[in-house]
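Enquirer: Requesting a structural model of the entry that follows:
(chains A, B, C and D)
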Protein chains: 2
Amino acid sequence: MTTMAEVASEAGVSITTVSHVLNQTRHVNAETVERVRAAIERTGYEPHPIARALAGARTQSIGLAISEIANPYMVDFIAAIESEASRYGHTLLLGDTHDEPEKELQMARELTHRRVDGLILAPSPGAERDALPYLAAQSTPLVLLDRFLPLEVDQVGTENKAPAAELVEHLAEVGHRRIGLVAGLEGLSTTEERIAGYLQGLHRCGLPHDPRLVASGASQHGPAMAAANRLLDIEDPPTALIAANSAMTIGVMHALRGRGLEVPGEIALVAFDDFEWSDLFRPRLTVIAQPTREIGAEAVRLLLARLEDPDQPARKIRFDPTFIHRESCGCHQSGNLRTGRET
Amino acid sequence: MTTMAEVASEAGVSITTVSHVLNQTRHVNAETVERVRAAIERTGYEPHPIARALAGARTQSIGLAISEIANPYMVDFIAAIESEASRYGHTLLLGDTHDEPEKELQMARELTHRRVDGLILAPSPGAERDALPYLAAQSTPLVLLDRFLPLEVDQVGTENKAPAAELVEHLAEVGHRRIGLVAGLEGLSTTEERIAGYLQGLHRCGLPHDPRLVASGASQHGPAMAAANRLLDIEDPPTALIAANSAMTIGVMHALRGRGLEVPGEIALVAFDDFEWSDLFRPRLTVIAQPTREIGAEAVRLLLARLEDPDQPARKIRFDPTFIHRESCGCHQSGNLRTGRET
DNA sequence: CTATCTTGAGACAACGTTATCTCAACGCTA
DNA sequence: TAGCGTTGAGATAACGTTGTCTCAAGATAG
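Expert: Residues are numbered from 1 along each chain as shown, chains lettered A, B, ... in the order given. As a prediction, this is how the structure comes out:
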C-alpha cells in the first residue's frame, strides 16, 4: 500500500501539500498540483479512510438503523438509500434495531463509535427515551425515516392520516358499514396516524366507531394473522378489512384463506404498501403505495445537506402516497384510478 | 469521550496495561485487572474502533457485496447475515454490485479500504476477471455467497442441478412434453447449474432438448417477462414453464396474465425460490425453496472461522433446498410433499 | 550467593492522515 | 529602504489505539 508520504517524496513536496491537493483545502500552485497528481497516478495511491477518520475528518460513511430488514417495504428503503449514498461516494453501515429500544441504542452506539458522518434511523417506539437522547448528546447528524416525532430533527416519510381516511371512505362508498383495521405496532407514528385517519374516515362517513374493530397486528405477519382472526371472531364481524402495512397484509390474507373467506366477495381487503406482485394476487390488491425509493433517496439528501450546514432548521418532509385502485375492495369499476385503465 | 489514557491514569496503571486488560492479550495480575475494570466502569470508557483499526487490529466489521438488494431472495440473505454478524459483534458494511464487474471491483476496493475484516460476496459474472484477483492480491478473507466458482475460496449456496432436474421430472410425470425454462443471468453458476439440471431432467425423461425452449430472463423481473413471451411466441409453445428465481417468477406471471393464460389449466408454472406469500397466489406456487437464513448465517460463520485460522482449506458448502409441492404444477394431488398435508 | 527464570507492567514507536503553526520569498506601498 | 500583505509550502503535533521492547523484582536452581 502506498501512503501519502511516498507520494510526497515521489513528487518532491511535503506530505502537507499532498493532503491539501487531495482535499482541495488550501490553494496550491497549479504546477505543484500537477506534480502531485502525476505522483499519485504513478504510485497508485489511494486514500486511507481509517487514518483520515482518526485524524478528525469525515468518514464518508452513513449508518442505517432500521427494523426488520426483511420487511418488504423496508427493503425498498435500504436499496434506495444504498444507491443514493453510493452515488455521493458514501458507504452504508447497516444495522437492525428489531424495533427494540435496547437493541436500537446499542446500534446507535455501535454506529457512532464507528464515526459514521450521520445516521438514518427508523425510530422504534421508545427511541425518544433511549437512542435519540444518546444521539443528541453525541450531536450525531440524524435523519428520521418513515416514522415522525415531534422533535427538531430532519424527518422523511409519507402522509398517513389522509390516505387512511381515504381507504375508509372508499370502502364506505361501496357500502361497507363495519370496517376493521389491523393496525401496526403501538407507539409508531405511522400506526397512530393511520388509526387517526381511520377514525376520521369513519366520522366523515357518519359511521360509528366500534373499538372492537381495531386490533394490533404489531406491524408483523404472524401477529397480524392473529389480529385478523380476532376481528372476525366478534359477534358482528367486519365486512371489510384494512391492513396497515405489507407484512400485515400477508398475515391477514393467510387468516382469510384459513377461514375460506373469499375476497372481495365475502370480505373486502385494502392495505397500505404496494409490492411488485400485489397485482398478481387474485383479486388484485387495492393499496396505498408509498414512494419508497424517493423517500429513501430524500433521507440521504437531507442527511448530506445537514452535514453541509449543521445549523439549518430541521425539515420534515412528507411524500404523498398513491392510491392504487384494483379489485380487492370489491368495487365494480376497477383499474388504476390514476390512469383510468380498464382491466 | 474518554480515552484509554484517562482510564489508565484513573486506575494508576499504564495505557499498555489497560489495552492488555481489554484485549486479554497478555496476563495481568488479577488485582490490577480489577482496578482497570473499575476505572473503565467509572469513566464510562468505550473503545474507539477507528483508532484500533489504524493501529493494526481487527475492525470487527464485515463487508457484504451483493447484487440487487431489493431482490426478494437476496433480502433474506442480508437479514440473515446482519443478524448472525451482529450476534458475533460485527458490523455490516453493505454495497450493491448490480452484477456489474466494474461496480463490483469498486465495491471491493471501497470495502477493503475501510478495512473490513472480511468480505461476503455474491460474485457477478466477470468477478473472476476483476474483483476476485484484486481481493486475492489484498488477501482479504472472502466467502462467496449463492454462486460457486472453481476456486480455492470458501463458498456457500444451494444445490441447483438436482432440484432443477426434479422440477422437470415432476412436470414430465404430469404429462408435459414441452417444458420451457426462463433462465437467469448468463455466467452465474446458479444459472448454468439450473440449466444443466434442466437438461438432465429432460434426458432422464427421454424428452428431446429444444434450444428454443430456453430463454434468458437475466435474473430480473422485466427481462424474464420478455423471455416468457418469447417462449410462448414460438410455433409449438411450451405447456409448462420453469422460472429460475423469484424475481423472474414475478415477470413470468405478469407475462402469463398479460396473455390471459390460466395457471395451471392452460400452462403449468414452477419456480426456484419460495417467498412468504407464494402460497397466497392462486394457484399456490410449486417451488424449490432455498434455506436462505441458514445459507446467510453459514456465510458469516465460514468467514469468522477463516479469520480465526486463515490457513485452513477452503470449504464449499451446499445446502439442500426443499421441494414445496403446491398447485401451480397442475398435479391432482397437491399439498406439501414433506408433510403430505392435503389442501 | 550468584545466575537464571518467571511474573508483571511501563515506554514508546508505529498506524496514515489532518490541521495548526510557521516561515520564506516576492512585490508593493509609503 | 523599511514595512507589509500575499502566495506557496514545510514541520509537526495530534487522533487513540496496538504491539514490540525493555525492565524490575521476586522466586528458583546450582
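
Enquirer: can we go C-alpha only for contacts and neighbour counts from here?
Expert: Will do.

Enquirer: May I have the beta-bridge partners of the closest residue to chain B within the stretch 51-200 of chain A?
Expert: Proximity of the stretch 51-200 of chain A to chain B (CA to the nearest CA) peaks at A:Leu93, 4.5 Å away. With beta bridges defined as DSSP bridges, A:Leu93 has these partners: A:Gly63, B:Leu93.

Enquirer: Tell me where chain A has strands.
Expert: Along chain A, counting by DSSP state E, strands occupy A:61-66, A:91-96, A:118-121, A:142-145, A:154-158, A:179-183, A:214-216, A:240-243, A:268-272, A:286-289, A:316-319, A:322-324.

Enquirer: Name the residues of chain A found near DNA strand C, please.
Expert: A:1-5, A:15-16, A:19-20, A:22-23, A:25, A:46-48, A:51-57 (CA under 7 Å from any atom of the strand).

Enquirer: Let's see that with 6 Å instead.
Expert: A:3-4, A:15-16, A:19, A:47-48, A:51-52, A:54-57 (CA under 6 Å from any atom of the strand).

Enquirer: about what we covered before: next up, the contacts around the residue of the stretch 51-200 of chain A closest to chain B.
Expert: Contacts for A:Leu93 (CA atoms under 8 Å, 6 or more residues apart in numbering or on different chains) come out as A:Ser61, A:Ile62, A:Gly63, A:Leu64, A:Leu111, B:Thr91, B:Leu92, B:Leu93, B:Leu94.

Enquirer: Kindly report the same for A:Asp210.
Expert: The contact partners of A:Asp210, by CA under 8 Å, 6+ apart, come to none.

Enquirer: show me the contacts for the residue of the stretch 151-300 of chain A found nearest chain B.
Expert: Chain B sits closest to A:Phe281 of the stretch 151-300 of chain A, with a gap of 5.5 Å, by CA to the nearest CA. Counting by CA under 8 Å, 6+ apart, A:Phe281 makes contact with B:Leu280, B:Phe281, B:Arg282.

Enquirer: again, but for A:Thr239
Expert: A:Thr239 touches A:His176, A:Arg177, A:Arg178, A:Ile179, A:Gly180, A:Glu266, A:Ile267, A:Ala268, counting by CA under 8 Å, 6+ apart.

Enquirer: And it, how close does it get to B:Ala255?
Expert: Computed with CA to CA, to the nearest Å, the distance linking A:Thr239 and B:Ala255 is 33 Å.

Enquirer: cool, and A:His254?
Expert: Using CA to CA, A:His254 is found at 26 Å from B:Ala255.

Enquirer: same check, this time on A:Val36
Expert: Distance from A:Val36 to B:Ala255, by CA to CA: 57 Å.

Enquirer: who has more neighbours, the two?
Expert: Using other CA atoms under 10 Å in any protein chain shown, the more surrounded residue of A:Val36 and B:Ala255 is A:Val36, with 24 against 21.

Enquirer: burial of the nearest residue to that one once chain neighbours are set aside, as a residue count?
Expert: Leaving aside its chain neighbours, A:Val36 sits nearest to A:Ala11 (5.4 Å; criterion: CA to CA, 6 or more residues apart in numbering or on different chains). Using other CA under 10 Å, A:Ala11 has 22 neighbouring residues.

Enquirer: With A:Arg42 instead?
Expert: There are 12 residues near A:Arg42, going by other CA under 10 Å.

Enquirer: Got the confidence number for it?
Expert: Predicted confidence (pLDDT) for A:Arg42: 95.

Enquirer: Next: A:Asp309.
Expert: Looking at A:Asp309, its pLDDT is 88.

Enquirer: And it, how close does it get to A:Ile317?
Expert: 18 Å.

Enquirer: When these two are compared, which one has more neighbours?
Expert: A side-by-side neighbour count of A:Asp309 and A:Ile317, using other CA under 10 Å, places A:Ile317 first with 18 against 10.

Enquirer: residues contacting the more buried one?
Expert: A:Gln155, A:Val156, A:Gly157, A:Thr158.

Enquirer: can you put those in CSV and add neighbour count, pLDDT and distance to B:Thr191?
Expert: Below are the contacts of A:Ile317 laid out as CSV (neighbours: other CA atoms under 10 Å in any protein chain shown; pLDDT from 0 to 100; distance: CA to CA, whole Å):
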residue, neighbour count, pLDDT, distance to B:Thr191
A:Gln155, 28, 98, 42
A:Val156, 27, 98, 39
A:Gly157, 26, 97, 38
A:Thr158, 21, 97, 39
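
Enquirer: Quickly name whichever of those is closest to DNA strand C.
Expert: If you rank these by distance to DNA strand C using CA to the nearest atom of the strand, A:Gln155 comes first, at 27.7 Å.

Enquirer: Low-confidence regions, chain A specifically.
Expert: A:332-343 (pLDDT under 70).

Enquirer: Show me where it has its helices.
Expert: Remark: helices assigned in chain A by DSSP state H are A:4-11, A:15-23, A:30-43, A:49-54, A:72-87, A:101-113, A:131-138, A:161-173, A:189-204, A:221-233, A:246-259, A:292-308.

Enquirer: Now the longest one - C-alpha only, PDB.
Expert: Included here for helix A:292-308 are C-alpha records, laid out as PDB according to Å, rounded to 0.1, in the frame of the first residue of the first chain:
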ATOM      1  CA  THR A 292     -40.300   4.300  -1.100                       C
ATOM      2  CA  ARG A 293     -37.400   5.000  -3.500                       C
ATOM      3  CA  GLU A 294     -38.000   8.700  -3.300                       C
ATOM      4  CA  ILE A 295     -38.300   8.600   0.400                       C
ATOM      5  CA  GLY A 296     -35.100   6.700   0.800                       C
ATOM      6  CA  ALA A 297     -33.200   9.000  -1.600                       C
ATOM      7  CA  GLU A 298     -34.600  12.100   0.200                       C
ATOM      8  CA  ALA A 299     -33.400  10.700   3.500                       C
ATOM      9  CA  VAL A 300     -29.800  10.600   2.200                       C
ATOM     10  CA  ARG A 301     -30.100  14.100   0.600                       C
ATOM     11  CA  LEU A 302     -31.400  15.500   3.900                       C
ATOM     12  CA  LEU A 303     -28.500  14.000   5.800                       C
ATOM     13  CA  LEU A 304     -25.900  15.300   3.300                       C
ATOM     14  CA  ALA A 305     -27.400  18.700   3.400                       C
ATOM     15  CA  ARG A 306     -27.300  18.700   7.200                       C
ATOM     16  CA  LEU A 307     -23.600  17.700   7.000                       C
ATOM     17  CA  GLU A 308     -23.000  20.700   4.800                       C
END
